[in-house]
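>>> next come a sequence and a model predicted from it.
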Amino acid sequence: MEGLDAGTVDFIPTYNGEEEEPELMPGLFPNLLGNGASGIAVGMATNIPSHNVAEVIDATLELIDNPHVEHERLMELMPGPDFATGGQLVDSAEVLSEAYRTGRGSFRLRGVFHAPEAEKTEDIEAGIERLGGGQWQLVISEIPYQVAKGKLIEQIAQAIADKKLPILEDVRDESDESIRIVLVPRSRNVDPDLLKESIFKLTDMETRFGLNMNVLDATRTPMVMGLKELLQNWTAAQIEILQRRTRYRLGQIERRLELVDGYIVAFLNLDRVIEIIRYEDEPKAVMMAEFSLTDRQAEAILNMRLRSLRKLEEMELKQEKSELLAEQEELNKLLESPARQRTRLKKDLRALRKDYAEDTALGARRTRIEEAAPAVEFSMDAMIEKEPVTVILSQKGWIRAAKGHVDLAQEFKYKEGDALAFILHAQTTDKLLIAGSDGRFYTLGADKLPGARGFGEPVRTMIDLPAETQIAAMMVHKEGGKLLLASSIGKGFIAETKELLAETKKGKQVVNLKGDAKLQVIREVPENHDHVAAVGENRKLIVFNLEEMPVMARGQGVMLQRYRDGGLSDATTFVLEDGLSWQMGGSGERTRTENDIWQWKVARGAAGRLPPQGFPKNNRFG
C-alpha cells in the first residue's frame, strides 16, 4: 500500500458509495506473480501460481534493459512457479515454457520424499530411513500446494483399506511444525520406487495446477497474457505510478517553496512585519499589499510562533529552499526523461530484491523444478499378493472364492433352490472373464471376490449384468489366448482374450446378436489346433479349417454351418491328425476319439452330415 497517500492511484467509491477505496494498489512488490491469484467470474476465471520474487524482479530488469528480449531468456531467469509448500515440478522445461508463452497450461506438481535423518546421502534424497534388519520406511517431507495433509493421509489409508496398495502396511503422521508422513511397506522386499509411483498415481501426492493468466490490462479489459506481455504491462503500470508520485511530490515542493519564500520575506523585513501585526487592524491585507505576499504566505506568517524568529531559523529556511529547488530540478528531469524513469524503477527494484535475495529466508526457492524420470511402469495387479483360490459361481449368480485349490468335485452349500453353475481354480492375481448370453463380456479381479464362508455375494452387484441375461461362461483370462465364440444361429469368429477385458462394470459388447439369438459357444483355442468342428441342433456335423475363421474384436462373425431348421448346438477346435474327441455319457470321464474325421471335412458354411456312431445324443462335445 506504499504510495497510497502520494497521489499514485485514483480512488473510487466503495460498493455502497459511503467511502472511497483505491482502484489498484501502487506498491512496488510484484504481488500478482509473487503471491499469485485465483478467482472465478461470470464466464471467465483466473489461476496464477506464486513465484519467486527475486526471479520475477530479475526477469523484469532484463525486460526493462532489453524490450525485445526473447521469451526463452525470461524463462531462464524465471523458470516457473515457486509454491510456499515446496514440492517438485516434474514437467519438462518445454512444457513450462509453452504454458508461460501462451498464458495457459498446467503443471504436474509432486510432493517430496526426503529423510534428513538418514545416514547415506542417496537415502536422504530418496526419503528412505533404514531401520536395521533390512527394514526401511519412506518419509514424505513436502506435499503439493493446496493439498490438505489430513486429506492426503486419509487417501493413503483408504487405498490400504481398499487393497489398492497391498505393498503398503501402514501410514503414520509424525508431523510437528514441519511435515513428516511415514509410509511403512509390507515387506522389506518392496521396491521403493514402485511404492512411490503407486502413491503418486493413487493419491494427491501428485496434482495438476492449471495456469490461466487471465488479467485486466491498463484499460481494465480482461485478457489472457503470456509472461512477457504481463511483465510489460506491470512495468508500464509502475512507470505510470512513478510519474504520478513525482508530480505529486513536485506539487508538494511548489507549495512548500511558496511558504518558505514568505517566511524569508518576513525575516528580511522582521521589524516592519512586527509593527504591522501590532498596530494594524487588518495586518494580513497590509502585508499582502506591502510585500506582494499570497494569501497562504500571509496566513503562514501570522501563524508563526515567536521562537521561530531566531536567526538560526532564517538560515535553515534558506537551506531548505536550496534543497527543495535542487529536488525540484531533479524531479523535473525525471519526468522529462523516460530513460531516467526506467533507471529509477530499476534502482527501486534492486533495492526491493535485496529483501528477497536467494540467501534470505523469504527469497530462497522452495519448489524444485526437475523433470521426473520416466515413470516406473507397473500394473496394479503386480501389487496383489498371489494366492490360490477356488471360484464358485452358482446358477442364481452368487459368487465366492475359497482359499486354496480345493477339489472341484467338493460339495458346497447354496441358498435354497440354487446349485453350482461354474467352478474353477485361479490365483488372486488373475482376471476372470464372465460371458453373458447377450454377447457381452465382463471382467472381475479374483482378489476382489468375497470369501467362501457364506454364500458369497450376487455377481450382479459387481457387474452390470441385466436380470434377463444368463451367464454363459466363466473362465480365467489368459494372456495371449484365443476363444472360439459362436451364436445360436451359427455365426461366429475367433477373439483374442486381450480384446475381451472390460475396464468398467458395464462390460464390453463382443458378439453382436440379433433377434432371439444368444451366445452359444465359448471355447478356448489352443495354439496347435488347426480345425473347427460344429454340430447343429439337427444333429449334422461339419469340420473345416480353423484358418477360415476370422479373428475379430467385435461383430457377428461368419456362418459356421448352414441349417434348414434350428441352429447351432455346439462347436470346438481340435488337431485333425489327432482326431475329434467327445465325452461319452455317464460320469463324463470316458472320452471317444474319431480319427477318420476327414469324411466330415468340407468348406465352412456347408450343411454337414450325421455324426459318427456313438456321438452324444445331446449334440455336445463335452
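Thanks, I have it. All figures in this text were calculated on a predicted structure; none of them were measured in a lab.
>>> contacting residues for Asn619?
Shown here is Asn619, whose contacts under the criterion C-beta atoms under 8 Å, 6 or more residues apart in numbering are 535-537, 539, 569-570. C-beta coordinates here come from the backbone N, C-alpha and C atoms, glycine included.
>>> actually Glu20, sorry about that
Residues near Glu20 by C-beta under 8 Å, 6+ apart: 11-14.
>>> I'd like the next helix or strand past the lowest-mean-pLDDT helix or strand in the chain.
The element with the least model confidence among the helices and strands of the chain, by mean pLDDT, DSSP states H and E, is strand 20-22, at a mean of 83. Of the helices and strands lying after strand 20-22 in sequence (DSSP states H and E), the nearest is helix 31-34.
>>> give me the distance between the following helix or strand past that next one and the centre of its chain.
Downstream of helix 31-34, the first helix or strand assigned by DSSP H and E is strand 37-41. Here strand 37-41 shows a centroid-to-chain-centroid distance of 19 Å under the convention C-alpha atoms, centre = their mean, to the nearest Å.
>>> give me the contacts around strand 37-41.
Defining contact as C-beta under 8 Å, 6+ apart, one finds that strand 37-41 is touched by 45-48, 222.
>>> what is the nearest of the contacts of Glu20 to Ile239?
Relative to Ile239, the closest of the contacts of Glu20 is Phe11; by C-beta to C-beta it sits at 20.6 Å.
>>> which residue ranges form the helices in this protein?
For the chain, the helices defined by DSSP state H occupy 31-34, 53-65, 71-77, 93-102, 121-126, 149-161, 192-202, 227-268, 270-279, 283-291, 295-302, 311-336, 338-355.
>>> in this protein, where is pLDDT below threshold?
With pLDDT under 70 as the threshold, the chain has low-confidence stretches at 1, 3, 5, 7, 309, 311-312, 374-383, 585-589.
>>> care to break it down by domain?
Per automatic domain parsing, the domain ranges recorded for the chain read 112-204, 242-355.
>>> pipe those domains into a markdown table and attach mean neighbour count and distance to Ala446 per row.
Formatted as a markdown table, the entries for the domains of the chain read as follows, by neighbours: other C-beta atoms under 10 Å; distance: least, C-beta to C-beta, whole Å:
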| stretch | mean neighbour count | distance to Ala446 |
| --- | --- | --- |
| domain 112-204 | 16 | 12 |
| domain 242-355 | 14 | 62 |
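>>> could these go into a markdown table alongside distance to Thr235?
Formatted as a markdown table, the entries for those read as follows, by distance: least, C-beta to C-beta, whole Å:
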| stretch | distance to Thr235 |
| --- | --- |
| domain 112-204 | 27 |
| domain 242-355 | 7 |
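>>> out of the ones you listed, nearest to Leu519?
Proximity to Leu519 (C-beta to C-beta) singles out domain 112-204 among the domains of the chain, at 31.8 Å.
>>> follow-up on the earlier one: out of the helices of the chain, flag the one nearest Arg172.
Ranking the helices of the chain by proximity to Arg172 (C-beta to C-beta) places helix 149-161 first, at 8.7 Å.
>>> which elements pack onto the closest one?
With contacts defined as 3 or more C-beta pairs under 8 Å, 6 or more residues apart in numbering; DSSP states H and E, the packing partners of helix 149-161 are strand 168-173, strand 181-185, helix 192-202.
>>> what residues does stretch 388-407 touch?
Counting by C-beta under 8 Å, 6+ apart, stretch 388-407 makes contact with 387, 408, 412, 414-415, 417-428, 432, 434, 444, 446, 449-452, 454-460, 462, 465, 471, 474, all of which sit outside it.
>>> which among those count as buried?
In terms of neighbour count (16 or more other C-beta atoms under 10 Å), the buried residues within these are 412, 414, 421-424, 426, 428, 432, 434, 444, 446, 449, 452, 455-456, 459-460, 462, 465, 471, 474.
>>> which residues are contacting stretch 352-360?
Outside of stretch 352-360, the residues within contact range by C-beta under 8 Å, 6+ apart are 28-29, 52-54, 57-58, 362-365.
>>> Val90: neighbour count?
Val90 is surrounded by 19 other residues when neighbours are defined as other C-beta atoms under 10 Å.
>>> so what's it up against?
With contact set as C-beta under 8 Å, 6+ apart, Val90 has these partners: 108-110, 206, 370-372.
>>> 10 Å instead?
Contact analysis of Val90 by C-beta atoms under 10 Å, 6 or more residues apart in numbering lists 107-110, 200, 206, 368-373, 375.
>>> just put those residues in a markdown table and tack on distance to Gln238.
Compiled in a markdown table, the contacts of Val90 are given as follows (distance: C-beta to C-beta, whole Å):
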| residue | distance to Gln238 |
| --- | --- |
| Phe107 | 28 |
| Arg108 | 33 |
| Leu109 | 30 |
| Arg110 | 35 |
| Phe200 | 41 |
| Glu206 | 37 |
| Arg368 | 30 |
| Ile369 | 27 |
| Glu370 | 33 |
| Glu371 | 34 |
| Ala372 | 37 |
| Ala373 | 41 |
| Ala375 | 43 |
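>>> in strands only, show me the contacts of Glu20.
Counting by DSSP state E, the contacts of Glu20 place 11-13 in strands.
>>> tell me the one of those residues nearest Leu268?
Comparing those against Leu268 with C-beta to C-beta places Phe11 closest, at 41.7 Å.
>>> look up the closest residue to that closest one, ignoring the ones flanking it.
Glu20 (4.2 Å; C-beta to C-beta, 6 or more residues apart in numbering).
>>> how about Ser187?
Ile167 (7.4 Å).
>>> surely the one you found touches Glu385?
Yes - Ile167 sits in contact with Glu385 when judged by C-beta atoms under 10 Å, with a separation of 8.8 Å.
>>> hey, what's in contact with both of the two?
With C-beta under 10 Å, 6+ apart applied, the overlap between the contact sets of Ile167 and Glu385 consists of 186-187.
>>> state the distance from the residue nearest in space to the middle of the chain to Gly105.
Relative to the mean C-alpha position of the chain, the nearest C-alpha, by C-alpha atoms, centre = their mean, is the one of Arg208, at 3.1 Å. When C-beta to C-beta, to the nearest Å is applied, the distance between Arg208 and Gly105 equals 10 Å.
>>> can you check which residues contact both of those two?
Common neighbours of Arg208 and Gly105, using C-beta under 10 Å, 6+ apart, are Asp91.
>>> surely the residue nearest to the centre of the chain and Pro144 touch.
Yes - Arg208 is in contact with Pro144 according to C-beta under 10 Å; the separation is 9.4 Å.
>>> common neighbours of those two, please.
Taking C-beta under 10 Å, 6+ apart as the contact rule, Arg208 and Pro144 both touch 108-109.
>>> residue contacts, the residue of the chain positioned farthest from its centre?
Computed with C-alpha atoms, centre = their mean, the maximum C-alpha offset from the centroid of the chain is found at Tyr279, amounting to 86.1 Å. When the contact criterion is C-beta under 10 Å, 6+ apart, the partners of Tyr279 are Val286.
>>> and if you look at Gly417?
Neighbour list for Gly417: 395-396 [criterion: C-beta under 10 Å, 6+ apart].
>>> quick check: it vs Ala467, distance?
Taking C-beta to C-beta as the measure, Gly417 falls 16 Å from Ala467.
>>> what of Met75?
As judged by C-beta to C-beta, Met75 and Ala467 stand 60 Å apart.
>>> now do Leu560
Between Leu560 and Ala467 the distance is 30 Å, computed by C-beta to C-beta.
>>> who has more neighbours, those two?
The residue with more neighbours, out of Leu560 and Ala467 and counting by other C-beta under 10 Å, is Leu560; that gives 29 against 6.
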